[in-house]
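*Asks:* compute the structure for the input listed below.
(one chain, ligands or ions: 1)
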Amino acid sequence: MSAQQPYSFFHSVERSFDKATKFTKWDSGILEQIKACNSVYQMRFPVKRDNGDIEVIEAYRVQHSQHKSPCKGGIRFSDEVNQDEVMALASLMTYKCAIVNVPFGGAKGGIKINPRKYSEYELEKITRRYTAELVKKNFIGPGIDVPAPDYGTGEREMAWIVDTYASLKPGEIDAAGCVTGKPITQGGVRGRTEATGLGVFFGIREVCNMEEVMKKLGLPLGVKDKTIVVQGLGNVGYHCAKFFREAGAKVVALAEYEGAIYCADGLNEEDVVKHRKATGSILNYPGATNLAKNTDALELACDILIPAALENVINGDNAPNVKAKIVGEAANGPCTPEADEVFAQKGILCVPDMYLNAGGVTVSYFEWLKNLSHVRYGRMEKRFTENLNSHILGQIEELSGKRVSDKEREFIMHGPDEQDLVHSGLEETMISATREIMSVWHSNPEIPDMRTAAYVSAINKVATSYAELGIFP
Ligand code: NAD
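*Replies:* As a prediction, this is how the structure comes out:
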């Protein structure tokens with residue numbers, strides 16, 4: 001952390017960790033080892049700008065934990081990048097992976113640049129040089145450390161990374177598994193784009209299906225007819241709104257940075273995005289009411305509030321005005337610790353970011369497995385399943401003398417393709433993680449909130465893994 005920086009993100013992660021440790025049985029040595037960042041690689045390298053100037057680039061890769069190999073975490077391009085932030089994000093990755101049972105240690109990378117200020121050619125040179133530096137120090141590889149996209153990076157950068165890695169490691173058969181979030185043509189997996197929003201939906205749906213939890217919140221079981229407010233209509237928010245609407249919930253308000261709109265009958269996110277593209281704003285959407293400020297949406301009466309834009313949007317000032325019964329943290333860090341305290345007093349259930357938005361890393365895990373197995377999901381079984389289903393259906397129809405509708409026939413016959421299997425794996429992951437966290441929470445009435453329960457669940461898994469490795473004889 002730099003001298004001028006008053007706030008340490010890494011220390012705040014450590015504080016949340018410490019808050020949870022008193023609900024575990026592990027000795028302090030193991031807990032200290034889990035908290036520590038195992039390896040911090042800070043690098044500087046030159047890049048020649050398009051105008052001929054030489055610029056020195058500051059970059060990082062932090063491997064927080066190797067209790068499982070490889071380590072995993074995104075690479076961020078932002079001029080806010082600093083060592084403290086990369087360390088904090090790397091440690092959160094360890095806990096996130098543990099909670100959703102993705103067998104990776106946590107890592108994170110960052111390059112301190114504003115990508116908008118560089119040409120595509122300059123960004124390619126920076127990304128390739130960064131990758132080469134990671135290769136030189138053995139900080140990347142399908143069995144070592146597997147980066148992914150984060151703020152300011154996407155498929156394009158991941159394609160540059162895999163290409164650089166493969167060219168420096170000729171003959172490495174699993175080279176495609178050195179990074180995830182790649183384009184499909186470069187070994188990416190279908191279902192990645194919507195993964196985080198879909199994971200948020202699966203996680204909250206599972207909470208809504210828990211009788212005891214819903215009874216305590218005074219809500220009926222299930223997602224159907226629940227009223228939802230979503231802040232941020234980007235990748236995560238858009239897909240959250242879509243999956244909730246498709247499940248029969250009503251998205252009564254949407255907020256973007258230019259404003260917020262409300263419609264008691266429910267909004268269609270796809271139409272709202274079209275309207276925003278056409279007019280440059282979500283405001284004045286036909287049939288909806290404009291809200292005076294975009295933050296007003298956070299204080300609307302609704303069943304589920306989903307902040308899916310930025311960090312710290314619900315804090316000590318506005319948390320007392322939140323009327324939702326459930327807050328689903330789709331964004332990273334949307335609620336401050338002060339907001340958590342208010343929620344606990346008001347009986348609002350906050351479903352924590354660390355696991356709720358883990359759909360991205362879960363599907364990255366599926367991409368890595370695809371790369372190691374060198375075969376597309378569904379390739380081996382799709383046709384077999386369709387033939388089998390067709391035969392079973394034919395027999396049933398013959399014996400019953402009845403025919404199913406064409407729509408039902410299509411559904412029953414369908415053999416799983418890659419996207420079906422990825423969605424199914426994600427659904428299983430989010431359901432299991434939700435149940436595990438809830439069971440930890442219910443096992444100890446002293447645990448104050450679901451966030452702390454999620455940390456306890458993560459600590460128990462990482463500590464068990466260290467203990468089983470025999471690192472602490
Ligand atoms: P995005 O850039 O696609 O979308 C964010 C949206 O929020 C944008 O449309 C932006 O205009 C809007 N926004 C900005 N300021 C706002 C404000 N004040 N009020 C309302 N809306 C505002 O980003 P994303 O990928 O959807 O990520 C959103 C959040 O989810 C981030 O916190 C991110 O870290 C987290 N997240 C994303 C993923 C992923 O797979 N994309 C995974 C885990 C966590």
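*Asks:* near the ligand, which residues of the stretch 301-450 of the chain?
*Replies:* 308-310, 330-332, 357, 360 (C-beta under 6 Å from any ligand atom). No exception for glycine: its C-beta is placed from N, CA and C like everyone else's.
*Asks:* now secondary structure and neighbour count too, for these, in CSV please.
*Replies:* Below are those laid out as CSV (DSSP: H, G, I helix; E, B strand; the rest coil; neighbours: other C-beta atoms under 10 Å):
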residue, secondary structure, neighbour count
308, coil, 27
309, coil, 20
310, coil, 13
330, coil, 29
331, coil, 25
332, coil, 16
357, coil, 26
360, helix, 24
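*Asks:* all helices of the stretch 201-350 of the chain, in order?
*Replies:* Assigned by DSSP state H, counting those that start in this stretch, the helices in the stretch 201-350 of the chain fall at 211-217, 235-246, 269-279, 337-346.
*Asks:* which of the ones you listed is buried the deepest?
*Replies:* helix 235-246 (a mean of 22; mean count of other C-beta atoms under 10 Å).
*Asks:* and the angle for that helix with helix 269-279?
*Replies:* 130 degrees (axes from the mean of the first three to the mean of the last three C-alpha atoms, to 10 degrees).
*Asks:* give me the mean pLDDT for helix 235-246.
*Replies:* Mean per-residue pLDDT for helix 235-246: 97.
*Asks:* now for it, which elements pack on it?
*Replies:* helix 195-208, strand 227-231, strand 250-256, helix 269-279, strand 304-307 (3 or more C-beta pairs under 8 Å, 6 or more residues apart in numbering; DSSP states H and E).
*Asks:* again, 6 Å this time
*Replies:* helix 195-208, strand 227-231, helix 269-279 (3 or more C-beta pairs under 6 Å, 6 or more residues apart in numbering; DSSP states H and E).
*Asks:* work out the gap between that helix and the centre of the chain.
*Replies:* 14 Å (C-alpha atoms, centre = their mean, to the nearest Å).
*Asks:* C-alpha coordinates for that helix, PDB please?
*Replies:* Extracted in PDB, the C-alpha atoms of helix 235-246 (Å, rounded to 0.1, in the frame of the first residue of the first chain):
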ATOM      1  CA  ASN A 235     -23.400  -7.800 -18.300                       C
ATOM      2  CA  VAL A 236     -24.300  -9.000 -14.800                       C
ATOM      3  CA  GLY A 237     -27.400  -6.800 -14.200                       C
ATOM      4  CA  TYR A 238     -28.900  -7.500 -17.700                       C
ATOM      5  CA  HIS A 239     -28.600 -11.200 -17.300                       C
ATOM      6  CA  CYS A 240     -29.900 -11.200 -13.700                       C
ATOM      7  CA  ALA A 241     -33.000  -9.200 -14.900                       C
ATOM      8  CA  LYS A 242     -33.500 -11.600 -17.800                       C
ATOM      9  CA  PHE A 243     -33.300 -14.800 -15.700                       C
ATOM     10  CA  PHE A 244     -35.600 -13.500 -13.000                       C
ATOM     11  CA  ARG A 245     -38.200 -12.200 -15.500                       C
ATOM     12  CA  GLU A 246     -38.100 -15.600 -17.300                       C
END
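*Asks:* ok, residues contacting it?
*Replies:* 194, 196-198, 200-201, 228, 230, 251, 269, 306, 308, 330 (C-beta atoms under 6 Å, 6 or more residues apart in numbering).
*Asks:* for stretch 141-160, same thing?
*Replies:* 63, 70-72, 74-78, 107, 109, 115, 124, 127-128, 139, 174, 177-183, 186, 364.
*Asks:* can I get that stretch in CSV, CA atoms only?
*Replies:* Only the C-alpha atoms of stretch 141-160 are listed here, as CSV (Å, rounded to 0.1, in the frame of the first residue of the first chain):
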residue,chain,number,x,y,z
GLY,A,141,0.6,-22.1,-16.8
PRO,A,142,-2.3,-24.6,-16.8
GLY,A,143,-0.9,-26.3,-13.7
ILE,A,144,0.6,-23.1,-12.0
ASP,A,145,-1.6,-20.0,-12.3
VAL,A,146,-4.4,-19.4,-14.8
PRO,A,147,-5.5,-15.7,-15.3
ALA,A,148,-8.9,-14.6,-16.7
PRO,A,149,-10.6,-11.3,-17.6
ASP,A,150,-11.3,-8.5,-15.1
TYR,A,151,-12.0,-4.7,-15.4
GLY,A,152,-10.6,-3.4,-18.6
THR,A,153,-9.8,-6.8,-20.2
GLY,A,154,-11.8,-9.3,-22.1
GLU,A,155,-11.6,-12.1,-24.7
ARG,A,156,-9.2,-10.1,-26.9
GLU,A,157,-6.6,-9.9,-24.2
MET,A,158,-7.0,-13.5,-23.2
ALA,A,159,-6.4,-14.5,-26.9
TRP,A,160,-3.1,-12.5,-26.8
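*Asks:* now it: average pLDDT?
*Replies:* 96.
*Asks:* ok, and the closest non-adjacent residue to residue 444?
*Replies:* Nearest non-adjacent residue to residue 444, counting by C-beta to C-beta, 6 or more residues apart in numbering: residue 23, 5.7 Å away.
*Asks:* residue ranges in the stretch 1-150 of the chain under the pLDDT threshold?
*Replies:* 1-6 (pLDDT under 70).
*Asks:* which stretches of it form strands?
*Replies:* 39-48, 54-63, 71-77, 105-111, 145-149 (DSSP state E, counting those that start in this stretch).
*Asks:* quick check: the residue of this structure nearest the ligand.
*Replies:* Per C-beta to the nearest ligand atom, residue 234 is where the chain lies closest to the ligand, at 1.7 Å.
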